[in-house]
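Engineer: Mind looking at a prediction? Sequence and model below.
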Amino acid sequence: MSWRSAVAALGLLAGACVEVDYNILWQDIEARGGMRQDRAPADAPYSNADLVRNFESIVFFSEFTRIGKELIPARSSIKLRRWTEDVRIGVLFGPEVSADQRRRDLIDIGSFAARLGPLTGLTFEVLPEDSEEMPNFIIYVADQGTRSAFADALADEVPEADPVLLQDLRVDRSREISPCFAYTFGPGGGVIDYAFIVVKHEALGLLRTSCFHEEMAQALGPGNDDELARPSIFNDDEEFALLTEHDEYLLRMLYDPSLRPGMTADEARPLLAPLVDRLRPEGAAVN
């Protein structure tokens, strides 16, 4: 039995369709000059010092703090977190996602995974639908009805399921209109070995693609957003929809052998400027 068949056998993929128009959100962001798709915009220069500053803010802090069974929007310091093993991506779709949309999503996910490989040194594989291999990086695309049914079934079948994840599957985090979110898990020591990403089927077009970019990238370790990071998808202003050159450097830094999982910001700080200058020598003197 494939892993998808096993999930379906638990009744986790059934649910009623609920429509939410995310086009309004998308159009509002674009009207404000957001959702840009340029990888290295000339109007958003950044220096190597900016990369060092942004790396520390995005990698060594979290935008949410867990208090019991609640996830509170509050900045907290964390240790460096990253994957140490190959990434096996499994994509789950709710029954409301059409065959054509599934095909487009799989193309987007596969092409972005191929881009992430050289940036991190990790091997990414999108598992075929009939694979018996278990994924460690799940992307779940479904509407509100299916997500709620999934959460209920998951709570019944897996008593140790993360209560915060279950809550986010049922409702939008903090009552915000968030089209996607990601959770990562690991054994400790800064190692990530499992990710669960939710992309709401209500999100369409470029907004949907931007969800794949942001959540897949953040699930690799850069878990914070920073309002000063530019040009970057690790910024809640939504100016940029897709991974930028700036963000590629952040991922290269995170997975450089000079750094290690579990490092504190104080331990990593002396290494960051030389690391950036090595990765980006042409930008060392840019102010």
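Structural biologist: Done, it's in. Numbers count the residues shown, from 1 in each chain.

Engineer: Longest helix in this structure, please.
Structural biologist: For the chain, the helix with the greatest residue count under DSSP state H is helix 99-120.

Engineer: Report the distance from that one to the chain centre.
Structural biologist: 13 Å (CA atoms, centre = their mean, to the nearest Å).

Engineer: what does the average pLDDT come to for that helix?
Structural biologist: Helix 99-120 shows a mean pLDDT of 98.

Engineer: A153 belongs to a helix?
Structural biologist: Yes: assigned with DSSP: H, G, I helix; E, B strand; the rest coil, A153 falls within a helix.

Engineer: Just give me the neighbour total for it.
Structural biologist: 17 (other CB atoms under 10 Å). Bear in mind the C-beta positions are built from the backbone N, C-alpha and C, glycine included.

Engineer: Would you quantify the distance from it to R147?
Structural biologist: For A153, the distance to R147 equals 11 Å [CB to CB, to the nearest Å].

Engineer: do Y46 as well
Structural biologist: Taking CB to CB, one finds Y46 at 37 Å from R147.

Engineer: N48 too?
Structural biologist: From N48 to R147 the distance is 42 Å (CB to CB).

Engineer: thinking again about what came up before, who are the packing partners of the next helix or strand after the longest helix of the chain?
Structural biologist: Counting by DSSP states H and E, the next helix or strand C-terminal to helix 99-120 is strand 124-126. Strand 124-126 sits against strand 87-93, helix 99-120, with contacts defined as 3 or more CB pairs under 8 Å, 6 or more residues apart in numbering; DSSP states H and E.

Engineer: Please name every helix or strand in contact with the first one.
Structural biologist: Packed against strand 87-93 by the contact rule (3+ CB pairs under 8 Å, 6+ apart) you find helix 3-9, helix 99-120, strand 124-126, strand 137-142.

Engineer: buried stuff in the helix or strand encompassing F212?
Structural biologist: Per DSSP H and E, F212 falls inside helix 205-218. Residues of helix 205-218 classed as buried by neighbour count (16 or more other CB atoms under 10 Å): L207, R208, T209, S210, C211, F212, H213, E214, E215, M216, A217, Q218.

Engineer: Pick the one among those residues closest to P274.
Structural biologist: Set against P274, the nearest of the buried residues of helix 205-218 by CB to CB is A217 (24.1 Å).

Engineer: hmm, who's touching the helix holding F212?
Structural biologist: The list of residues contacting helix 205-218 from outside it, by CB atoms under 8 Å, 6 or more residues apart in numbering, reads 22-23, 25-26, 29, 35, 37, 105, 108-109, 112-113, 116, 139, 179-182, 197, 199-200, 203, 233-234, 238, 241-243, 247, 251.

Engineer: just the helices and strands packed on strand 87-93: most buried one?
Structural biologist: Comparing the helices and strands packed on strand 87-93 by mean neighbour count (mean count of other CB atoms under 10 Å), strand 137-142 comes out on top with a mean of 25.

Engineer: Which strands border it, and is each parallel or antiparallel?
Structural biologist: strand 87-93 (parallel), strand 194-200 (parallel) (DSSP bridges).

Engineer: Most tightly packed of these?
Structural biologist: Counting by mean count of other CB under 10 Å, strand 194-200 has the highest mean neighbour count of those, with a mean of 23.

Engineer: Could you check how far stretch 124-140 is from the centre of its chain?
Structural biologist: 16 Å.

Engineer: what do you get for stretch 265-278?
Structural biologist: That offset, for stretch 265-278, works out to 24 Å (CA atoms, centre = their mean).

Engineer: Alpha carbons of that stretch, as CSV, please.
Structural biologist: Taking Å, rounded to 0.1, in the frame of the first residue of the first chain, the C-alpha atoms of stretch 265-278 are listed here in CSV:
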residue,chain,number,x,y,z
ALA,A,265,23.7,33.4,17.1
ASP,A,266,26.7,34.3,19.2
GLU,A,267,28.6,31.2,18.0
ALA,A,268,27.7,31.9,14.4
ARG,A,269,28.2,35.6,14.3
PRO,A,270,32.0,35.7,13.8
LEU,A,271,31.7,33.3,10.9
LEU,A,272,29.0,35.2,9.0
ALA,A,273,30.8,38.1,7.4
PRO,A,274,33.7,35.9,6.0
LEU,A,275,31.1,33.4,4.8
VAL,A,276,29.2,36.0,2.9
ASP,A,277,32.3,37.5,1.4
ARG,A,278,33.3,34.1,0.2
